[in-house]
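> give me the fold of what follows.
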Amino acid sequence: LGLPPSEASAEALIVAQASAVDRAEHWLVVHDGQGVGCVAQLAHERIACRELSWAEALEADPARESYQHIVCFADAGERDNADPVAAATAQYEAMIALCRRWLGPEAAPGARLWCVTRQAERAVDADRVDGLGQSVAAGVLKCAALEFPGRVAGLVDLEAEPADFAALIAHWREPGELRCFALRGGRPHVPRLRPLDAGALDASSLAGGAAFDGTVLITGGFGGIGLALADTLAARVETLVLVGRRIDGAERDARLAALRERGARVIALAADLADEAQVAALFARLVAEGVAVSHLIHAAGVGGSLALAASGRGELREVVDAKLAGTWHLHRHAGPSLKSFTVLSTMLALWGAREKAHYTLANHFAERVVEWRRARGLPASIVHLGPVDGGMLDAAGKAAAARVGVRSFTLRELAGWLAAPLPRAGIALLDIDWARFRPIYRHGWLDALFAELGTPADGGAAGAKAADGAAAFRRAYAAAGYRESMLDEL
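Residues are numbered from 1 along each chain as shown. Next up, the predicted model:
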């Protein structure tokens, strides 16, 4: 099932430790109800297992007992929270605390963590993403794997309670390269980031057929990306609605005047997207004024960095809420007239980064809201962006990204692309030297995500320069679509 871990890697060290232990296994299973079948199977196999609720696991002393395997079921927020935002908030807080306690330096060494979600991914068309609140667990794990090297074993998303956990338990012992997958009909489906056909990405051919018309609402409307988009669309649409937490100030007034000179009616509205009442009032006001929103672009976001080991409950809530709560609230109140619902996300939602768990999990959730809408026949698309000059990227961040082969885009390039029809409902716009970037994740649990990148089929520039002179993107990718694994059934 692929190459073994490098002898120098943290993964190899943990695997070596696990293979050296006595076959008398010791498992820890954390759940609030969905892990009952797993615990029963372990008992049936006469394997030592400690069963803890989420509340108990976050209070227990991780140094007192040594486990070879930790399995957590991401049901911490569902029992008491029917609302997806509340459920997701409870789950990510619990997941961060679990990683900090059971994977950190105070925990006994050697244990590897598997996480189990249920209907948190859309691996096949029939999936409805009913486990939306559980989806944030994957966002946390993507960053935990980098901050606690060798301690994250993987993640599996189930469609329902398995009739028999025996096959999964056997797989968790020796997973090979299959460490992040959705199990559907007994078959594993793995996420893959793959190049789009270059012919579909010709910027000049797309630029003349922009689908935006009528009224376009842009959240984060006074940020760098929001204003660049507004400037590009002002001459094409009837009305622009720019939404920000603050809309006053001389600089903003000058920006609005410049946009109005381009021919569009421009409305500026203040709202905190994390507050559902404010979002509801925002759309109620537009309806009262006879403004029907045709297209919504969710460009709002808040940056922030904090290591998981230092993260306490409630930390960086504003970072999370801007995308997690904001996306759901926009979905709930935007109304039925939408022709498009586009969420601008980050490449970090695909693979994580150190000290970016809050930002990553929020954008991961936002992508699942897009899939939730699509599963119900509602318009929705997601665009994962590489770093953008004039966005959240500062000089130090740009230099750090360049060191690992990640190049940034200008606001003009980005706005020119996003103002044209998207070739797919889920894409990533990236300019990355994969030979330099992929080693960061090599032999990790997400290694399969990159399997089709940096190959001869992925070489070269895609597309020509746009008519306005903005450079076309070097490569666009279909964002983490699932493919059925060629491996045997589980």
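
> P191 in helix, strand or coil?
Following DSSP: H, G, I helix; E, B strand; the rest coil, we place P191 in the strand state.

> which stretches in the stretch 1-150 of the chain count as strands?
Using DSSP state E, counting those that start in this stretch, the strands found in the stretch 1-150 of the chain span residues 26-30, 48-52, 69-73, 112-118.

> ugh, wrong one, the stretch 351-490 of the chain
Here the stretch 351-490 of the chain has its strands, by DSSP E, counting those that start in this stretch, at 381-385, 426-430, 475-484.

> before we move on, the earlier item: now distance to D248 and mean pLDDT too, for the strands of the stretch 1-150 of the chain, in CSV please.
From N, CA and C alone the C-beta is placed, and that goes for glycine too. Formatted as CSV, those follow (distance: least, CB to CB, whole Å; pLDDT from 0 to 100):
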stretch, distance to D248, mean pLDDT
strand 26-30, 48, 97
strand 48-52, 51, 97
strand 69-73, 46, 98
strand 112-118, 43, 97
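
> so for L414, which of those sits nearest?
L414 lies closest to strand 112-118 among the strands of the stretch 1-150 of the chain, at 31.9 Å (CB to CB).

> so where's the stretch 201-350 of the chain shaky on pLDDT?
Counting by pLDDT under 70, the stretch 201-350 of the chain shows low-confidence ranges at 201-210.

> the strands of the stretch 1-150 of the chain into TSV, with extra columns for mean neighbour count and distance to E261?
What follows is the strands of the stretch 1-150 of the chain, written out as TSV (neighbours: other CB atoms under 10 Å; distance: least, CB to CB, whole Å):
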stretch	mean neighbour count	distance to E261
strand 26-30	22	59
strand 48-52	17	63
strand 69-73	25	56
strand 112-118	25	50
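
> of those, which approaches L196 most closely?
Among the strands of the stretch 1-150 of the chain, strand 112-118 comes nearest to L196, with 27.7 Å by CB to CB.

> counting by contacts, list what the closest one packs against.
strand 69-73, helix 84-103, helix 136-147, strand 152-158 (3 or more CB pairs under 8 Å, 6 or more residues apart in numbering; DSSP states H and E).

> just those: most buried one?
Highest mean neighbour count among those (mean count of other CB atoms under 10 Å): helix 136-147, with a mean of 28.

> output the contacting helices and strands for that helix.
For helix 136-147, the packing partners by 3+ CB pairs under 8 Å, 6+ apart come out as helix 84-103, strand 112-118, strand 152-158, helix 348-351, helix 357-375.

> closest to A307 out of the ones you listed?
With CB to CB, the closest approach to A307 among the helices and strands packed on helix 136-147 belongs to helix 357-375: 8.4 Å.

> what angle do that closest one and strand 381-385 make?
On the basis of axes from the mean of the first three to the mean of the last three CA atoms, to 10 degrees, helix 357-375 is oriented at 150 degrees to strand 381-385.

> CA atoms of helix 357-375 as CSV?
The C-alpha coordinates for helix 357-375 follow below in CSV (Å, rounded to 0.1, in the frame of the first residue of the first chain):
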residue,chain,number,x,y,z
ALA,A,357,-6.6,25.5,13.7
HIS,A,358,-9.3,28.0,14.4
TYR,A,359,-9.0,29.6,10.9
THR,A,360,-8.8,26.1,9.3
LEU,A,361,-11.8,24.5,11.0
ALA,A,362,-14.0,27.5,10.3
ASN,A,363,-13.3,27.4,6.6
HIS,A,364,-13.6,23.6,6.6
PHE,A,365,-17.1,24.0,8.0
ALA,A,366,-17.9,26.7,5.4
GLU,A,367,-17.1,24.3,2.7
ARG,A,368,-19.4,21.7,4.2
VAL,A,369,-22.2,24.2,4.3
VAL,A,370,-21.6,24.6,0.5
GLU,A,371,-21.9,20.8,0.1
TRP,A,372,-25.0,20.8,2.4
ARG,A,373,-26.7,23.3,0.1
ARG,A,374,-25.7,21.4,-3.1
ALA,A,375,-27.1,18.2,-1.6
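
> tell me how far it lies from the chain's centre.
Helix 357-375 sits 5 Å away from the centroid of its parent chain (CA atoms, centre = their mean, to the nearest Å).

> now it: average pLDDT?
What helix 357-375 shows for mean pLDDT is 97.

> where does the prediction get shaky in the stretch 1-150 of the chain?
By pLDDT under 70, the low-scoring segments of the stretch 1-150 of the chain are 1-23.

> can you do 80?
Filtered on pLDDT under 80, the stretch 1-150 of the chain yields the residue ranges 1-24, 78-80.

> dump the residue contacts of the spatially closest residue to W54 that is not a sequence neighbour.
In space, and not counting its chain neighbours, W54 is closest to A76: 4.1 Å by CB to CB, 6 or more residues apart in numbering. Neighbouring residues of A76 by CB atoms under 8 Å, 6 or more residues apart in numbering: D32, W54, A90, Q91, A94, M95.

> count the neighbours of the closest residue to the fourth one other than its chain neighbours for me.
Nearest non-adjacent residue to Q91, counting by CB to CB, 6+ apart: G77, 4.1 Å away. Close neighbours of G77, defined as other CB atoms under 10 Å, add up to 26.

> thought G77 was touching A88?
Yes - taking contacts as CB atoms under 8 Å, G77 lies within contact range of A88: 6.6 Å.

> anything in contact with each of those two?
G133, Q134.

> dump the strands of the stretch 1-150 of the chain into a markdown table; add distance to G397 as well.
Formatted as a markdown table, these follow (distance: least, CB to CB, whole Å):
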| stretch | distance to G397 |
| --- | --- |
| strand 26-30 | 35 |
| strand 48-52 | 39 |
| strand 69-73 | 32 |
| strand 112-118 | 29 |
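
> now the residue lying closest to V129 once chain neighbours are set aside: how far from P423?
Excluding the flanking residues, the one nearest V129 by CB to CB, 6+ apart is W372, at 4.4 Å. Distance, W372 to P423, using CB to CB, to the nearest Å: 22 Å.

> higher neighbour count, those two?
W372 (22 against 15).

> hmm, G131 and the more buried one touching each other?
No - W372 is beyond contact range of G131, at 10.0 Å (criterion: CB under 8 Å).

> mind checking which of the helices and strands packed on helix 136-147 is nearest V266?
helix 357-375 (25.8 Å).

> helices and strands around the closest one, which ones?
Short answer (3+ CB pairs under 8 Å, 6+ apart): helix 357-375 packs on helix 84-103, helix 136-147, helix 317-333, strand 340-346, helix 348-351, strand 381-385.

> tell me the helices and strands packed up against the fourth one.
What it means is strand 340-346. On a contact count with 3+ CB pairs under 8 Å, 6+ apart, strand 340-346 meets strand 295-298, helix 317-333, helix 357-375, strand 381-385.

> swap in 7 Å and give it another go.
Helices and strands touching strand 340-346, by 3 or more CB pairs under 7 Å, 6 or more residues apart in numbering; DSSP states H and E, are strand 295-298, helix 357-375, strand 381-385.

> how far off centre is the first one?
The reference is to strand 295-298. Centroid separation for strand 295-298 versus its chain: 18 Å, with CA atoms, centre = their mean.
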